[in-house]
Each structure stands twice: as C-alpha cells, then as structure tokens.
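1. Pasting the sequence and the predicted coordinates here, then a few questions.
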Amino acid sequence: MALITYLSRIQFDFGAVGLLPEELALLGIERPLLVSDPGVAAAGLVGPVAELIGGLRPALFTGTPANPTEGAVLAALEIYRAEGCDGLVALGGGSPIDLAKAVALLATHPGRLADYGILNGGLEKIGEVAPVVALPTTAGTGAEVGRASVLTLETGRKIACVSPRLIPRAAICDPELSLGLPPAMTAATGMDALSHGVETFLSNRVNPPAEAIALDCVRRVSRFLERATADGGDREARWQMLMAALEGGLTFQKGLGAVHAMSTPLGELGLHHGTLNAVLLPPVLRFNQGHAGDKYDALRQAMGLAPKEDLADWVGALNDRLGLPAGLRAMGVEEAALPDIAEAAAKDHLSETNPRPAVAANYLGVLRQAMG
C-alpha cells in the first residue's frame, strides 16, 4: 500500500520574504527565535529579516556551524528557553534549518538528541514540536520541506532525526535571498538538489506523484544550474534552482538511496554534504544501472540527453564544468577510512530504498570508484 502525504504551507516567489509576519501570525508565534549562521549574517540577510519581525522582539542565534552539532543545538535551546520563545524562524541553508528543527524537538521533548535518532526508534517517539518557519538562502537541500534533521552528536557520530512532525510548518522561498550565493556553493548545493531528484525517482517505494515532482526537479537543475553558477544575478536561473531544490525536498518521503547512505557517514569527516553527493552520484548511477526498470530512460529525457547517453558520465562531466572535486581523494578522504564508511552506509536507513540492494562490500566498491 502506498501512503502519499503532502506536506506544508509554502510561499514562493521574489518578494515572498515580506510575508513572514503574516505566516508567523497564522501560526500564533509571538516570540520567535531567529536561527542563522555566520555566513548568512555576513551576507547581510539576518538584519533585514530581524527588522521585518521586529515587533515580535525576536531572539537571535547565528552560531550554526557548517555541519550542525549537538552543542550548537543546546546553545540555541538555552536562548530559546531563556527568552521565552514559542517558535523558530530558520534563515539559511540546510544547516540552520536542521538546527532549528532540533531545537523545536528538544524544546518539547525530554532527553537528548540521540534518543530521537531514527536508528534508535525516534520516528515513533517524536510528537508535536515547536513550530518552525523556514527561509532557505541556498538552492539545494530541500530542508525547508524535509522531515529530517541531520546533526553531529558530541560523540562525533552523525544521526538523523526523522518525522513528518519535523517538517517546517511554513516555508518562505524567496529567490532574492539566494542571489548573493557564491559560485562554488551554488554549484555544490545545486548538485545536492539533483541528487535528491535522481535518488527519490529511483527509490523502490511507490509514489507516482513524488516521481513526477522528482523528474521536474531533475529537468530544472539540468537546464539552469550552470546558468545560476555562472551568473549569480540571473534571476530566472535563481528562481528555477530554488524551485528545483523545493521539489527535491517534496520527494523525500519516497526515500533516498546509496548516495545519501554514504554521504551521511562521510559527513562526519566535516565534508560538505552537497559536494559529497555530487562526487558520489556517478558511481552510484553505475552501480544501480539495470536495476531500475526504464527509469534511466526517463532521467535521460528529463536531462535532455540522447537515448543511450551514459548518465554517470554526463553527471561527471557536469561536475567538471562546475569546478567540483574530481573525487573523494581530492576532498581529503583517505583510503583507510573507506571500510568503516561502507559498514555505516550499509546500516543507514536510506540504504533501504536504494533500487539495488547493497551490503558493505558493495559500498566499499562504490567508494573506491568515487576516490578519483
């Protein structure tokens, strides 16, 4: 049986950020915690958003690290409680949004983050959480409509807290907020969106509406990512990439696959998630070939490729044109780390929806190919 559920309230277009006060009022949020990170603050985006909701006297946390940590969550939670907050506004990429989700969880649930990891049965433990409004500033993660919060615990282990209740209650997607994103980050986050579209489309779960959305995500990224990377002020390209990222997030409930099963433990090395997904996607496409029915043909059509063109080669060439690393070795990954990464990937819940079953030995082979 297929369970199909969509999803949350979304405001999308240039100027949408101006609707933030209205969305907070609809949710009954009277004292928000505004969560962001140093890069977004340096780009000058935090001040205008804080001013926009100034009448609510928002508390502020801008200490989100590039890969959000348990320590940062607890620091933000302390501010949330001390300031009497009743909801959160997350401004940034996937890291501030994931951190805000974790604060929303711990503000309403006892215990520690590890108690709510999906591998610890967290899906069944998570009840209603504090309301979150997400304002993405990058076009890639889909976290603004995603049901997961991925964090690094104080032990150094990375976990995913997953529940439909962690989906932000509202997403405000304003392409204006992404216009200043540097080319390298535009490329890496855009490839993250592509990996979401590809993996959810290939997932072994049944959800035709999600598959249609995933293909549209792939189509938009294939047409507009290089434009957005070459010219950050290209408003059409920025609009299209933000829509693609949103669409990738709308398909998460269909499940991801081997790319994300490996990028999660690799992320414990402090590596950028989107860049990892870009590097891992070509060898995973080779691994899954022949195990997804006619879906590779549909992907080729969405990408605008010839009927027999090699998908993995095309993605690898796109990475090259975007200036992304040629492999994991170029990102600083050492061969000795691969067996442990492979073991962790085989146990990751995202491996369950890969179209071809994979065990640790399979993952080790794919990782060696990805070394470059």
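-> Looks like it came in fine.

2. which element is Val284 on?
-> Secondary structure assignment for Val284, by DSSP states H and E: helix 273-288.

3. Domains of this protein: list them as residue ranges, please.
-> Domain ranges of the chain: 9-177, 181-370, per automatic domain parsing.

4. how about the ones you listed in CSV, adding mean neighbour count and mean pLDDT?
-> From N, CA and C alone the C-beta is placed, and that goes for glycine too. Shown next, in CSV, are these (neighbours: other Cβ atoms under 10 Å; pLDDT from 0 to 100):
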stretch, mean neighbour count, mean pLDDT
domain 9-177, 20, 94
domain 181-370, 21, 96
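
5. picking that back up, just give me how far the helix holding Val284 sits from the chain centre.
-> 15 Å (Cα atoms, centre = their mean, to the nearest Å).

6. which is the next helix or strand following that helix?
-> helix 295-303.

7. distance of Gly293 from Leu202?
-> Using Cβ to Cβ, to the nearest Å, Gly293 is found at 9 Å from Leu202.

8. An error on my part: the question was meant for His349.
-> Taken as Cβ to Cβ, the span from His349 to Leu202 is 16 Å.

9. Ok, Asp310 next?
-> Counting by Cβ to Cβ, the gap from Asp310 to Leu202 is 16 Å.

10. same check, this time on Gly270
-> If you go by Cβ to Cβ, the gap between Gly270 and Leu202 works out to 28 Å.

11. same deal with Arg220?
-> In terms of Cβ to Cβ, Arg220 sits 18 Å off from Leu202.

12. what's the answer for Ala72, then?
-> 33 Å.

13. give me the beta-bridge partners of the residue nearest to Tyr80 when sequence neighbours are not counted?
-> Spatially, and ignoring its direct neighbours in sequence, Tyr80 is nearest to Leu33 (4.8 Å; Cβ to Cβ, 6 or more residues apart in numbering). Following DSSP bridges, Leu33 is listed with bridge partners Ala59, Leu88.

14. Just to check, Leu33 is in contact with Ala104?
-> No. Applying Cβ atoms under 8 Å, one finds Leu33 not in contact with Ala104, separated by 9.4 Å.

15. Give the intersection of the neighbour lists for these two.
-> Gly87, Leu88 (Cβ atoms under 8 Å, 6 or more residues apart in numbering).
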